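[1] Got a predicted model here, sequence first, then my questions.
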Amino acid sequence: MKLVYMGTPEFAVGPLEALLSAGHEVCAAVTQPDRPKGRGGRVQISPVKACALAHNIPVLQPAKIRMPESVEALRALGADVFVVAAFGQILSQELLDLPAYGCLNIHASLLPGYRGAAPIEWAILNGESRTGVTIMRMDAGIDTGDMLLKREVPIAEDDTDESLRRKLSEAGSGLIVEALEGLQAGTLRAEKQNDAQSSYVGMLTRSMGRIDWEEGALQIERKVRGLYSWPGAYTFYQGKQLKLLQAKAVRMPELAAADGASAGRAPEGGPAPEPGTVVQAGRDVLLVGTGDGVLRISEVQLEGKKRMSVRDFLNGCRVKEGDRLG
């Protein structure tokens, strides 16, 4: 099929590669404009643009895809279908009506759950054990269109948003090829979403990364994993921001079994450690009390430093029991 592909981040690269491998004609790739990134402010192109250029695919980067000039440029391409994957702009009804087969979206959740901008991160934050990918036919609503295909993906206990995004991109790559085959053959069966079962998740904010030690250890662990790519889960130590890169909620009996009696300074039935207080610091062990349980931290990044193991952090900062984070 002749198609226009709309996407921006790394998540959208796998499906584009899969469509090309399947023999589809991608007449243009539409992606967000180049933007400065990082401390140096260097302008970087999107992963989808890099992929498209590598395959000699024309690239369109409209600041606002709804503008008349953008609509006319896409109309002139005469594509059979638009495929959208984490593009980052909302398509107008005029755009949705352009291709004969409509617009298909690769959405990173099992709709109608987790409609919205950050379904991968919120699935981890909410402690879900599974998620998936839905291919849907787009309409004017936000992720409300008819569902065409679904594929479930389990969430591992150590998945971060980054690792889960890779799994979902791979699942979406196979599913969109299957969807286009069914579209051509006329075998796809659309299923309307049940709005009564829907949920919507908003965009992430930088402030969401700040750790509240009054929360439970499991909730903080999910924050570390779910916000791993951005904005990161962070606290403060001696006035400097400390980002947690790997952490695990543990129970005191587990600590005693793993680290000996000295790790169980607040045994079950004894007084709980104060939230944000260092329970143990030594060798490869950094344990911090929370509102419910203890968090074991194994990898961090101190403000102005590179990421490091907790052993290197403890050697450099001389953290001791009773110190407070936050």
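    Sure thing, it's come through.

[2] how far out from the middle of the chain is stretch 21-40?
    Remark: stretch 21-40 is offset 18 Å from the chain centroid, using C-alpha atoms, centre = their mean, to the nearest Å.

[3] And it, end to end?
    36 Å (C-alpha to C-alpha, to the nearest Å).

[4] which residues sit in contact with D212?
    G326 (C-beta atoms under 8 Å, 6 or more residues apart in numbering). To be clear about C-beta, it is placed using only N, CA and C from the backbone, and glycine gets the same treatment.

[5] confidence score at it?
    With respect to pLDDT, D212 scores 98.

[6] That one and Q219, how far apart?
    When distance is defined by C-beta to C-beta, to the nearest Å, D212 is 9 Å away from Q219.

[7] Repeat that for T290.
    T290 is 8 Å from Q219, by C-beta to C-beta.

[8] out of those two, which sits in the busier spot?
    T290 (26 against 20; other C-beta atoms under 10 Å).

[9] From A100, how far off is the residue lying closest to the more buried one once chain neighbours are set aside?
    Nearest residue to T290, sequence neighbours excluded (C-beta to C-beta, 6 or more residues apart in numbering): A217, at 4.4 Å. Noted for A217: a distance of 53 Å to A100, by C-beta to C-beta.

[10] Repeat that for E10.
    30 Å.

[11] the more surrounded of these two?
    Shown here are E10 and A100; by other C-beta under 10 Å, E10 has more neighbours (18 against 11).

[12] Tell me which stretches of the stretch 201-326 of the chain form strands.
    Ranges of strands in the stretch 201-326 of the chain, per DSSP state E, counting those that start in this stretch, are 233-237, 240-250, 278-282, 285-289, 294-302, 307-309.

[13] so can I have TSV of these showing distance to L91 and mean pLDDT?
    Output for the strands of the stretch 201-326 of the chain, formatted as TSV (distance: least, C-beta to C-beta, whole Å; pLDDT from 0 to 100):
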stretch	distance to L91	mean pLDDT
strand 233-237	33	97
strand 240-250	36	97
strand 278-282	50	94
strand 285-289	45	96
strand 294-302	38	98
strand 307-309	38	97
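
[14] out of these, deepest packed?
    With neighbours taken as mean count of other C-beta atoms under 10 Å, those reach their highest mean count in strand 285-289, at a mean of 23.

[15] neighbours around S229, how many?
    S229 has 16 nearby residues by other C-beta under 10 Å.

[16] follow-up on the earlier one: need the pLDDT of the residue nearest to T290.
    On the pLDDT scale, A217 gets 97.

[17] separation between it and V294?
    From A217 to V294 the distance is 6 Å (C-beta to C-beta).

[18] Name the residues contacting each of the two.
    With C-beta under 8 Å, 6+ apart, A217 and V294 have common neighbours 249-250.

[19] And stretch 4-11, how far out from the chain middle?
    On C-alpha atoms, centre = their mean, the centre of stretch 4-11 falls 15 Å from that of its chain.

[20] Show the end-to-end separation of that stretch, please.
    17 Å.

[21] Quick check: V4 is in a helix.
    No. Counting by DSSP: H, G, I helix; E, B strand; the rest coil, V4 is not found in a helix; it is strand.

[22] ok, it touching L74?
    Yes. Between V4 and L74 a contact is recorded at 6.3 Å, counting by C-beta atoms under 8 Å.

[23] joint contacts of these two?
    28, 30, 82.

[24] now the stretch 101-250 of the chain, which segments are flagged as low pLDDT?
    Applying pLDDT under 70 to the stretch 101-250 of the chain flags no residue at all.

[25] Domain map for this structure?
    In terms of domains, the chain is parsed into 2-201, 207-317 (source: automatic domain parsing).

[26] export the ones you listed to CSV and tack on distance to L325?
    Shown next, in CSV, are the domains of the chain (distance: least, C-beta to C-beta, whole Å):
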stretch, distance to L325
domain 2-201, 20
domain 207-317, 5
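
[27] so which of the ones you listed comes closest to G326?
    domain 207-317 (4.4 Å; C-beta to C-beta).

[28] what's the span of that closest one from first residue to last?
    With C-alpha to C-alpha as the measure, domain 207-317 spans 26 Å from end to end.

[29] The residue nearest to P33 when sequence neighbours are not counted: how many residues sit nearby?
    Distances taken as C-beta to C-beta, 6+ apart place Q61 nearest to P33, at 4.7 Å, with adjacent residues excluded. Applying other C-beta under 10 Å, we find 16 residues neighbouring Q61.
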